[in-house]
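Colleague: no sequence on this one, just coordinates:
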């Protein structure tokens, strides 16, 4: 059965509450690191998320092209996340994608409920809120809309929003252009490992099997943002993740043992290296731990697109070329689905342990 209207974070946030339910309050050890996100974004000292300009990524001048590609490779090795600018997707299209997604979330909750998913029965596409899938029963301060947007022949159009009318057109075009960008990035990362340009893409499913899943995250204003998280600390299981947002800060990366706040860079796409690429590269490229903070002043919306290999067909393990006597394989062999299940089990196990220890 689909969740009731009362279970949505948006409904909770707009109900006039001044204190949040205990299920949303983070553990004591986590609370120490949750600060005001607007203050954090203004900080200029310390490490800053790299910005990679892709303008010369296909330059005819080999020296210029190689220099551009090297900066992306180094950012993938050091941070595993970066702002991409001059990425080839027009500002106009990105604005239309963001406008369409924001308009969907402006609909009354009752209207959005028509698209509700049913996680218990395995129907994960559609409108939803996080269920407590760990032993501590913790919830995140967000609602979301999740659906597969590429390849086009694998989409389930029955779950796509009918309102606003332009949603399907702009999201489909964005998916096509993002898929081309993914090919380009995977090619650069392949070359960075000393492999043929098409190798990594082939290893994650190739042109036909690598899927793009979009999750629009809606973070309502929170009356106690120092106690909650929009999304808890995690790494992405994807090959790559591409993120747009509505220029409200919230993303934090765990870099050099500190939480670093991502600045809001106009016309950029934030790109994460996911676990899949970290495993295939035997740890050369990093899948960074990250989380999302919330605030009392502004609604935050982000559009995360996960480029994911097929769940059962692909075996994830370090590629032979990345393994040597001095650098043995650091990851066990698993399918993508097994890796996902392992992470879910590990989270549940850790939550249960902390509950028992407490």
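Modeller: Received it, and whenever you're ready, just let me know what you need. This one's a predicted model, so the numbers in the text were calculated from it and none came from an experiment. Numbering: from 1, shown residues only.

Colleague: quick one, what contacts residue 262?
Modeller: If you count contacts by CB atoms under 8 Å, 6 or more residues apart in numbering, residue 262 has them with 49, 81, 83, 249, 251-253, 270. (Glycine included, C-beta is placed from N, CA and C.)

Colleague: can I get those in a markdown table with secondary structure and neighbour count?
Modeller: Listed next are these as a markdown table, based on DSSP: H, G, I helix; E, B strand; the rest coil; neighbours: other CB atoms under 10 Å:
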| residue | secondary structure | neighbour count |
| --- | --- | --- |
| 49 | coil | 21 |
| 81 | strand | 25 |
| 83 | strand | 23 |
| 249 | coil | 21 |
| 251 | strand | 25 |
| 252 | strand | 25 |
| 253 | strand | 21 |
| 270 | strand | 22 |
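
Colleague: So what touches the one helix or strand residue 84 maps to?
Modeller: Applying DSSP states H and E as the criterion places residue 84 in strand 81-85. Here strand 81-85 makes contact (CB under 8 Å, 6+ apart) with 49-55, 72, 75-76, 253, 262-263, 265, 267-273, 288, 290.

Colleague: Off-centre distance for it?
Modeller: Put simply, strand 81-85 sits 13 Å off its chain's centre (CA atoms, centre = their mean, to the nearest Å).

Colleague: That strand: what's the following helix or strand?
Modeller: For strand 81-85, the following helix or strand on the C-terminal side (DSSP H and E) is helix 91-106.

Colleague: Quick one: residues in contact with that next one.
Modeller: The contact list for helix 91-106, computed with CB under 8 Å, 6+ apart, reads 10, 112, 143, 145, 161, 163-164, 166-167, 170-171, 173-174, 177, 216, 218, 244, 246, 267, 269, 301, 303.

Colleague: which residues in the stretch 151-300 of the chain form helices?
Modeller: Assigned by DSSP state H, counting those that start in this stretch, the helices in the stretch 151-300 of the chain fall at 167-192, 199-203, 206-209, 275-280.

Colleague: Which of the ones you listed has the highest mean neighbour count?
Modeller: Most buried of these by mean neighbour count (mean count of other CB atoms under 10 Å) is helix 275-280; its value is a mean of 26.

Colleague: tell me which strands and helices it is in contact with?
Modeller: Packing partners of helix 275-280 (3 or more CB pairs under 8 Å, 6 or more residues apart in numbering; DSSP states H and E): helix 199-203, strand 315-316, helix 336-357.

Colleague: if you average pLDDT over each of those, which comes out lowest?
Modeller: Per-stretch mean pLDDT for the helices and strands packed on helix 275-280 is lowest at helix 336-357 (a mean of 65).

Colleague: Quick check, residue 198 in contact with residue 188.
Modeller: No - applying CB atoms under 8 Å, one finds residue 198 not in contact with residue 188, separated by 11.6 Å.

Colleague: For the closest residue to residue 160 other than its chain neighbours, list the residues it contacts.
Modeller: Nearest residue to residue 160, sequence neighbours excluded (CB to CB, 6 or more residues apart in numbering): residue 168, at 5.6 Å. Residues in contact with residue 168 (CB under 8 Å, 6+ apart) are 157, 160-161.

Colleague: Top of those residues by number of neighbours, please.
Modeller: Neighbour tally across the contacts of residue 168 (other CB atoms under 10 Å): the maximum, 24 neighbours, falls on residue 161.

Colleague: Now for that one: which residues touch it?
Modeller: Contacts for residue 161 were tallied using CB under 8 Å, 6+ apart; they are 104, 115, 145, 167-168.

Colleague: Name the nearest of those residues relative to residue 19.
Modeller: Using CB to CB, residue 145 comes nearest to residue 19 of those, at 27.6 Å.

Colleague: what's the nearest residue to that closest one if we skip its chain neighbours?
Modeller: In space, residue 145 is closest to residue 216, 4.5 Å off (CB to CB, 6+ apart).

Colleague: quick one on the thing from earlier: any idea how far the residue nearest to residue 160 is from residue 149?
Modeller: 10 Å (CB to CB, to the nearest Å).

Colleague: Residue 17 too?
Modeller: Distance from residue 17 to residue 149, by CB to CB: 34 Å.

Colleague: With neighbour numbers in mind, choose between the two.
Modeller: Taking neighbours as other CB under 10 Å, residue 17 and residue 149 compare with residue 149 leading, 21 against 12.
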